[in-house]
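*Asks:* can you look at this prediction? I've put the sequence above it.
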Amino acid sequence: MEIALSKNGKRTLRGFFALVIVFLYAPIAILIVFSFNNSDLPTFPLSGFTLRWYRDFLSNADLAAALETSAIVAVLSSLGAVLLGTLASLALARRRFRGKAAISALLLSPLVIPYVVFGISLLLFFHAAGIPLSILTIVVGHMVISLPYTILVLLPRLEQIDGSLEEAARDLGAGRLRTFRSIVLPLILPAVVSAFLIALTASFDEYAVASFVVGTRTTFPIYLYGALRFPSRLPEVIAVAVIVMTASLLVCIGAELGRRAAERRLGGLESPAPS
Amino acid sequence: MSSNPSPAPPAARRRRRLDPTTPGLLSLPLAWLALFFLVPIGFVGAYSIDALSLYPGAHALTLAGWHDLVHGSVYLRLFWKSVEMSLIVSGVVVLCAYPLAYYLALSGTKRKYVLLLILIAPFLTSYLLRVLAWKVILGDHGVINSFLAWTGIRDPDHPLSQLLYSRFAVMLVLAYVWLPFVALPIFVSLDTLDRRLLEAASDLGASRLQAFRKITLPLSLPGVVAAFLFVFIPTVGEFVTPSLVGGTGGFMYGNEIVDLFGNALDWRTGSVLSLFLLGVVAALTLIFSRFLQVQRVTAS
């Protein structure tokens, strides 16, 4: 007898699973359908196929500028977050020091802060310090938000790698930097890339914190939010939505598959699993 | 190294003292967080007691903002409304996610990781765009209403107007947004469950329901608690979704904070409300993290 599930139970759960998948994907499918619909309003009945909205969006200068700003913010903040995250993960994985639990809790704490509170904190801080709001103030905020995510990706990977490889390199006379460059970095590179891509998509999608510290150049989510509140060019926004959704999905899934493939290739160098 | 007679392995000896490069590794991330995370929160604290103020001139320190929060009923009532909405959303989402995770982890399906990826994939797409989808669906001239009018089920002049801009819309969208993610911690706790316990229960004559109640459910409870908090913590301070689909009925505590800093220019009250929210979330996290660590210890 299968103790976890009866035959009927299994059938019921499979049906429920299918229902939920429909619930999750139907809204996305509806967006896709209406992005090709030849009408100014997303309403039934459908009124013919068009690529107009995709063409219009290509010639929308505001939208293009917002996408460009978001790309710059995302790349800068992800590079910064990965750098900080790598340093912190190396210390947490390889070093022993007092207050480790407290420090690791602090490093991960941006995960749980309500974004409205963090956005306002940054705003008050920049205001008091006389720092004008700009692209860089968003980068600063996004680096804080992304840092824990990069640590959560990098730390488990570092803990998997056999520490004796580094000791061997040190014993053979390699300096710390050389050991890192020749041994550690190649082994954690898939995780570094994966952390970078996660930070990239998180930043590209981040509205709440950015909305408080945005300067004159708006990011894509802020543009999108404005377009959602006053929907005059809704189908055009829907068309962009479809493109961005597809792209971010491909990046995330690609990152995950790539990381798994690379780690499988490097699998032989891992420390044996604890029994 | 094999000729070394010392019982302590060299690695352990090397790690005993503080490595001089450890501060070098930690200083940059910690300095960044101190400057752009902790200090800014300190500024919120300063504004909450008028140590700093938006208005020029000398100020006496005051706890009036905190007094207003505790003794005035407006903000606290709004806070409880947000807590209630958030609790309902978290509860519904966890109840829906549990059978999904159970199916993936315990039904013996071969493609469980593929199915899990399909379930989680919507979470990886843009948050605002998923909210947009519901705005398009629920609006007065949206997909549902235009469909009802088109098929003649409902008069086009009397759309179902309570669909959008309501408490219901906020909770529906929040549940939609968080459902894919929440299945993950529950799945992990069910997938790592020792199947032999279930077999033993079965051999000893337990029914499926008994085995579920006495073994599966208690052992998956840490995942359920984690899942619940993963939804509750971000949704209780939510302001983006309510401002897009909430109208006045779906107005939440987070929206009040934004309003106080934006339109109302009352930074003191806004700071008090922010710190109160932060305190609640921090307290939950502390209780929760202890809970998690205990579980990790018992698991290993």
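*Replies:* Perfect, thanks for sending it.

*Asks:* is there a neighbour count for A:R260? I'd like the number.
*Replies:* A:R260 is surrounded by 12 other residues when neighbours are defined as other C-beta atoms under 10 Å in any protein chain shown. C-beta here means a position set from N, CA and C on the backbone, and glycine is covered the same way.

*Asks:* next one: it from chain B, what distance?
*Replies:* Distance of A:R260 to chain B, computed by C-beta to the nearest C-beta, to the nearest Å: 10 Å.

*Asks:* show me what counts as buried in the helix or strand encompassing that residue.
*Replies:* Using DSSP states H and E, the secondary-structure element containing A:R260 is helix A:234-265. Buried residues in helix A:234-265, defined by neighbour count with 16 or more other C-beta atoms under 10 Å in any protein chain shown: A:234-242, A:244-245, A:248-249, A:251-252, A:255-256, A:259, A:262-263.

*Asks:* which residue, other than its chain neighbours, is closest to B:V280?
*Replies:* On the basis of C-beta to C-beta, 6 or more residues apart in numbering or on different chains, the spatially nearest residue to B:V280 that is not a chain neighbour turns out to be B:V236, at 7.5 Å.

*Asks:* wait, what's in contact with the residue of the stretch 201-300 of chain B found nearest chain A?
*Replies:* At 3.1 Å from chain A, B:G237 is the closest residue in the stretch 201-300 of chain B, using C-beta to the nearest C-beta. Going by C-beta atoms under 8 Å, 6 or more residues apart in numbering or on different chains, B:G237 touches A:114-117, B:82, B:253-254, B:277, B:281.

*Asks:* still on that earlier bit, from the contact counts, what lies against the helix holding A:R260?
*Replies:* In terms of contacts (3 or more C-beta pairs under 8 Å, 6 or more residues apart in numbering or on different chains; DSSP states H and E), helix A:234-265 is packed against helix A:7-35, helix A:52-58, helix A:185-205, helix A:220-229, helix B:127-138.

*Asks:* please redo it, this time with the cut-off set to 10 Å
*Replies:* Judged by 3 or more C-beta pairs under 10 Å, 6 or more residues apart in numbering or on different chains; DSSP states H and E, helix A:234-265 is in contact with helix A:7-35, helix A:52-58, helix A:61-94, helix A:135-160, helix A:185-205, helix A:220-229, helix B:112-120, helix B:127-138.

*Asks:* so, low pLDDT: which residues of chain A?
*Replies:* A:1-2, A:231-232, A:266-275 (pLDDT under 70).

*Asks:* and for the residue of it found nearest chain B, the neighbour number?
*Replies:* Minimum separation of chain A from chain B (C-beta to the nearest C-beta) falls at A:P114, amounting to 3.1 Å. The number of residues packed near A:P114 is 24, by other C-beta under 10 Å.

*Asks:* returning to what we had before: B:L217 is nearest to which of the helices and strands packed on helix A:234-265?
*Replies:* Minimum separation from B:L217 across those (C-beta to C-beta) falls at helix A:7-35, 14.8 Å.

*Asks:* give me the buried positions along the closest one.
*Replies:* Buried residues in helix A:7-35, counted by 16+ other C-beta under 10 Å: A:9-10, A:13, A:17, A:20-21, A:24, A:27-28, A:30-32, A:34-35.

*Asks:* list the helices and strands that helix packs on?
*Replies:* Identification of packing neighbours for helix A:7-35 by 3+ C-beta pairs under 10 Å, 6+ apart yields helix A:52-58, helix A:234-265, helix B:74-106, helix B:112-120, helix B:127-138, helix B:143-150, helix B:167-191.

*Asks:* output those helices as CSV; include the columns distance to A:S104.
*Replies:* Formatted as CSV, the entries for those read as follows, by distance: least, C-beta to C-beta, whole Å:
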stretch, distance to A:S104
helix A:52-58, 44
helix A:234-265, 22
helix B:74-106, 26
helix B:112-120, 26
helix B:127-138, 27
helix B:143-150, 46
helix B:167-191, 19
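
*Asks:* among those, which is nearest B:D203?
*Replies:* Distances from B:D203 to each of the helices and strands packed on helix A:7-35 were compared using C-beta to C-beta; the minimum, 17.6 Å, belongs to helix B:74-106.

*Asks:* which strands and helices lie in contact with the closest one?
*Replies:* Contacts of helix B:74-106 with other secondary structure elements, assessed using 3+ C-beta pairs under 10 Å, 6+ apart, are made with helix A:7-35, helix B:64-71, helix B:112-120, helix B:167-191, helix B:217-236, helix B:253-261, helix B:267-299.

*Asks:* with that, I have no additional questions.
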